[in-house]
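A.B. asks: here is a sequence together with a model predicted from it:
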Amino acid sequence: MTRTVKEKNSSVRTRSLIRLFERLRQFSTDDFFEISSTLFAAIVVVILALTAVVLTRGSIPAFDAYGISFVFGSDWSAVAGREVYGALPYILGTLVTSAIAMGVGVPISLGIAIFLAEMAPGSIRNPLSQLIEILAAVPSVIYGFWGLLVFRFWIVDLIEKPLSRDFGTIAVFQGTPFGLDILTAGLILAIMIIPTVSSISKEVMMAVPSSQREAAYSIGATRWEVVRIGVLNYSRSGIFGAAILGLGRAVGETMAVTMVIGNAIGPAAFPGSLFQSGQTLSSLIANEFGEANPGSLLLSSLIGLGLILFAFALIINVFAQLMVWKVLRVKGRVE
Amino acid sequence: MGSGLRRFQDKLAYGLGALCVGVAIVPLASILFEVVRNGVSALSPQFLTSPPGVFGQAGGGIANAIQGTAILLALASAMAVPFGLLSGVYLAEFGDNKYGRTVRFLNDVLTEFPSIVIGILVYSIIVLAMRGFSTIAGAVALAIIMLPIITRTTEESIKIVPSSIRDAAMALGIRRWRATISVVLSTARSGVITGILLAIARVSGETAPLLLTVLGSQFFFNGLSQPIAALPLTIYRDANLPYAFARQQGWGAALVLILMVLGLNIGVRLATRGRYNSLRSRV
Amino acid sequence: MEDFKIQTQKLNAWFGNNHALKDISLGIRQNQVTAIIGPSGCGKSTLIRCLNRMHELVPGARSSGSVLLDGANIYSRGIDPVTVRRRVGMVFQKANPFPTMSVYDNVAAGLKLNGVRNPDTLDEAVKRSLEQAFLWDEVRDDLDNSGASLSGGQQQRLCIARALAVEPEAILMDEPCSALDPIATAKIEQLITNLKEKYTVVIVTHNMQQAARVSDVTAFLYLGQLIEYGGTTSLFENPKEELTERYLTGKFG
């Protein structure tokens, strides 16, 4: 009796084991391959999620201490007992330098893209494109070094001194032309976004079907008119996306800006004049992070600046990628 | 609008376009010219082979920074390449679904992300946990920046492998994963290697995340848990020092860095142009 | 010399090393529909693209010989191709309206390029062109909709209206119906027959019945050479060349 029960039990066990083995056997190396590569691909999601969590958690002490005035305050002092941190001047500094970069860089980039995609003789298109792309390869710390020792003096001599002499009474041109200021930072950013904006715009334009160009040609358009009504109209959303992608670069750029913006702190960092030292979110993080002790409010505040920067970058990039994606992803864009 | 005016507009547009190209090339030319001119006078065998001298005094070199950059890049590649390759394989092979599209999208977003934010991330999870700036933290930060680039280029290069090659492999009765790894990846090899080299070129000049993770050092590599020197950090620190010799050293370091970065970039471009052509003609 | 509207003389065209047209000489009369037929790849599209200097827009393309428009060579030095294309309009195989422009702006685009700004003139020209293209009744209430929102056949008629708006002297049509269903095709064929009262029409088609239905004169091209050229009825009923006969009877092509 007991024996048969045991036997029955064991046979049940054996059968379920066999079934398990069967399933494992069917679970082929291909499944393993698919599952493991799926898991590896998840790392991007993990990194972005982790960044959001870490930045939020890290900045909680700062938000606890100052509430909303952490975002809208303008004082920055690490004096023990009277510590106060407000991000507003640096948010504005980031916005103003990026706006200068866009205002100057985007039209130039568009000109380059139009020239290289639609106008230049075939033999020089490729070499010139490659040359422009080298601009993207130059490390930002070298832009900064060059900006500090070379470019800055061009700006002082060619732009700031004349403007200051003739229009020095206007608010945005006030201050001593010194070159370590908002204008230089904005213009160096303009140079840095040119390769991104121009090469993506160029790709977007080249993706315009040639039937659009032919349509314009066939009603008697000149080459420029073909670009205007056949190409730019068709590709405007992609070009807009390229510009926004450039904005994302400008907002997040750190080293070059840090080295030429003059690094003002507190209310002095409000970007009132182009010829005045300023500070951006990223440049302040780069400048102060070394001084911040673990657990200090300063560190938490710097992480808070990082959180604000993260939010900016996320919104800008998601938006830009959506715009560019529709146009280029179909074709397969290789960086 | 007369046709004369229209022809003038056309010429004007052409001229403005060419002018824009010129405006972009001037800074590039100036950067290259200044870096080479000032950097060459700093270069010497001693500059390349010795660590910095006593702080604040002339003499010494950037050997520790070159070594540091090499170690950081090697470690970062060791981490980023496997993840990037497999993510890329996933996107190309199985990524035609909602999850795949999400990953692809976030990957694009991460490619464009401010590197200083990555620095804060790694600082918070590694530097704080290890109670100090370290080589390994810097390598992780660089790896995170490399990852989306490698993923993307791997995916793109696998996708241009003609499906007939994969079919041929599968028809031999090879399992899909072996077909992918042995046949497809090896056909896409040059594209994949291009991606890895471009990713290395991109991060070899990264400075902001290193400021937050490895800090920099006056000495040679001293262990994974210790700070380490790096070329971009040397350039940044030299820019902030008020001495002429520091400036000189900065230009020298900039020359070494730019030679490395542009060498990688241009080399890859020249090398792959030929190879992709042969690949194209084979299709 | 008979007064042809368009006349080609020893016209040759190349794409890189590919010699696409060989010594084509033919005359096209005003107020007639001239059809160009032949198997695919015979150079018929290249031929009409040479008639308004669209051929040279393709990278690597070149041509020699001359094309006379009202007796003047459009390939002479000093002739602006933009002017040529304004005088000789073109309609393509696939409808290509400007998708970001409204129906109205699509039609008005050519006039605006030529500096016409007066709203009344534009309104009138748009209405006239759309009427000529048999499209007015269908879109009169939707002139502000995107050109891309129309159906395939409507889009093609919109492109015809766009070409007519600048009041060209001749209209070239490159297989205008190849992407359309039979009903839309019938409309466009009707339209072509109407157009010849005012314009010179050249149509490329791979559809022999279409050529027989709409054209007065037919040219048969084979491997870049003009094999036979004559009145449509006589060419279809008793072709002089054996190649033509074999093509018409479906022995090849």
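C.D. replies: Yep, that arrived. Bear in mind that the values here come from a model prediction, so they are computed numbers and not experimental data.
A.B. asks: pull the residues that contact whichever helix or strand residue C:13 is part of.
C.D. replies: Assigned by DSSP states H and E, residue C:13 falls within strand C:6-15. In this structure, residues lying in contact with strand C:6-15 by Cβ atoms under 8 Å, 6 or more residues apart in numbering or on different chains are C:19-28, C:43, C:46-47, C:50-51, C:55, C:58, C:60-69, C:71, C:88, C:170, C:200, C:202. For every residue, glycine as well, the C-beta is placed using N, CA and C.
A.B. asks: switch the cut-off to 7 Å
C.D. replies: Residues outside strand C:6-15 that contact it (Cβ atoms under 7 Å, 6 or more residues apart in numbering or on different chains): C:20-28, C:46, C:50-51, C:55, C:58, C:60-69, C:170, C:200.
A.B. asks: direction included, what does it pair against?
C.D. replies: Sheet partners assigned to strand C:6-15 using DSSP bridges are listed as strand C:18-28 (antiparallel), strand C:61-69 (antiparallel).
A.B. asks: for the shortest one, which outside residues touch it?
C.D. replies: It refers to strand C:61-69. C:6-15, C:50-51, C:55-56, C:73-75, C:84, C:87-88.
A.B. asks: centre of the chain to the next helix or strand after it, how far?
C.D. replies: With elements assigned by DSSP H and E, the helix or strand that comes after strand C:61-69 is strand C:72-73. The chain centre lies 19 Å from the centre of strand C:72-73; the measure is Cα atoms, centre = their mean, to the nearest Å.
A.B. asks: next secondary structure after strand C:72-73?
C.D. replies: Sequence-wise, the next helix or strand downstream of strand C:72-73 (DSSP H and E) is helix C:81-87.
A.B. asks: ok, the residue in chain C that chain A sits nearest to - contacts?
C.D. replies: Of all residues in chain C, residue C:86 sits closest to chain A, at 3.1 Å by Cβ to the nearest Cβ. By Cβ under 7 Å, 6+ apart, the residues touching residue C:86 are A:220, C:166, C:168.
A.B. asks: what about the helices in the stretch 151-253 of chain C?
C.D. replies: With DSSP state H, counting those that start in this stretch, the ranges of helices along the stretch 151-253 of chain C come out as C:152-165, C:182-195, C:208-214, C:232-237, C:242-248.
A.B. asks: so for the closest residue to residue A:284 other than its chain neighbours, what's the pLDDT?
C.D. replies: Distances taken as Cβ to Cβ, 6 or more residues apart in numbering or on different chains put residue A:90 closest to residue A:284, at 5.1 Å, once the chain neighbours are dropped. Residue A:90 carries a pLDDT value of 97.
A.B. asks: cool, residue A:191 as well?
C.D. replies: For residue A:191, pLDDT reads 97.
A.B. asks: just give me the neighbour total for it.
C.D. replies: 25 (other Cβ atoms under 10 Å in any protein chain shown).
A.B. asks: repeat for residue B:14
C.D. replies: Neighbours of residue B:14 (other Cβ under 10 Å): 17.
A.B. asks: from residue B:195, how far off is the most centrally placed residue in chain B?
C.D. replies: The centre of chain B sits closest to residue B:202, judged by Cα atoms, centre = their mean, with a distance of 1.7 Å. Going from residue B:202 to residue B:195 by Cβ to Cβ, to the nearest Å gives 10 Å.
A.B. asks: okay, and the common contacts of the two?
C.D. replies: Common contacts of residue B:202 and residue B:195 (Cβ under 7 Å, 6+ apart): residue B:149.
A.B. asks: does residue A:309 touch residue A:283 like I think?
C.D. replies: No - Residue A:309 lies out of contact with residue A:283 (Cβ atoms under 7 Å); the separation is 10.8 Å.
A.B. asks: shaky segments in chain A?
C.D. replies: A:1-8, A:23-27, A:327-335 (pLDDT under 70).
A.B. asks: where do the strands sit along it?
C.D. replies: All strands of chain A, identified by DSSP state E, fall at A:76-77, A:84-85.
A.B. asks: nearest to chain B, out of those?
C.D. replies: strand A:84-85 (15.6 Å).
A.B. asks: who's in contact with the closest one?
C.D. replies: Residues from elsewhere that reach strand A:84-85, judged by Cβ under 7 Å, 6+ apart: A:62, A:66, A:70, A:73, A:75, A:76, A:77, A:297, A:301.
A.B. asks: helices - which of the residues you listed land there?
C.D. replies: A:62, A:66, A:70, A:297, A:301 (DSSP state H).
A.B. asks: export those to JSON lines and tack on distance to residue B:265 and neighbour count?
C.D. replies: Converted to JSON lines, these look like this (distance: Cβ to Cβ, whole Å; neighbours: other Cβ atoms under 10 Å in any protein chain shown):
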{"residue": "A:62", "distance to residue B:265": "40", "neighbour count": "24"}
{"residue": "A:66", "distance to residue B:265": "45", "neighbour count": "21"}
{"residue": "A:70", "distance to residue B:265": "41", "neighbour count": "22"}
{"residue": "A:297", "distance to residue B:265": "43", "neighbour count": "19"}
{"residue": "A:301", "distance to residue B:265": "38", "neighbour count": "29"}
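A.B. asks: show me what contacts the residue nearest to the centre of chain B?
C.D. replies: Counting by Cβ under 7 Å, 6+ apart, residue B:202 has contacts residue B:149.
A.B. asks: check the one 5 residues further on too.
C.D. replies: If you count contacts by Cβ under 7 Å, 6+ apart, residue B:207 has them with A:140, A:141, A:255, B:232, B:233, B:236.
A.B. asks: hmm, try it at 6 Å
C.D. replies: Contact analysis of residue B:207 by Cβ atoms under 6 Å, 6 or more residues apart in numbering or on different chains lists A:141, A:255, B:232, B:236.
A.B. asks: and it, what pLDDT?
C.D. replies: Note on residue B:207: pLDDT of 96.
A.B. asks: state the phi and psi torsions of the residue in the stretch 101-250 of chain C that chain B sits nearest to.
C.D. replies: Of all residues in the stretch 101-250 of chain C, residue C:115 sits closest to chain B, at 3.2 Å by Cβ to the nearest Cβ. Backbone geometry at residue C:115, expressed as degrees, to the nearest 10, gives phi 90, psi 10.
A.B. asks: same check on residue C:76?
C.D. replies: Torsion angles at residue C:76 (phi, psi; degrees, to the nearest 10) stand at phi -60, psi 150.
A.B. asks: share the number of residues neighbouring the closest residue to it other than its chain neighbours, please.
C.D. replies: Spatial nearest neighbour of residue C:76, excluding adjacent residues (Cβ to Cβ, 6+ apart): residue C:66 at 7.9 Å. Look at residue C:66: counted by other Cβ under 10 Å, it has 16 neighbours.
A.B. asks: is residue C:66 in a bridge, and if so with what?
C.D. replies: Bridge pairing for residue C:66 - DSSP bridges - gives residue C:9.
A.B. asks: and the gap between it and residue A:66?
C.D. replies: Counting by Cβ to Cβ, the separation of residue C:66 from residue A:66 is 81 Å.
A.B. asks: who in the stretch 151-300 of chain A is up against chain B?
C.D. replies: Residues of the stretch 151-300 of chain A found near chain B (Cβ under 6 Å from any Cβ of the partner chain) are A:191, A:194, A:222-224, A:248, A:252, A:254-255, A:259, A:282, A:285-286, A:289, A:294.
A.B. asks: 8 Å instead?
C.D. replies: By the rule Cβ under 8 Å from any Cβ of the partner chain, the part of the stretch 151-300 of chain A lying against chain B is A:151, A:191, A:194-195, A:198, A:222-225, A:227, A:245, A:248-249, A:251-255, A:259, A:282, A:285-286, A:289-290, A:294.
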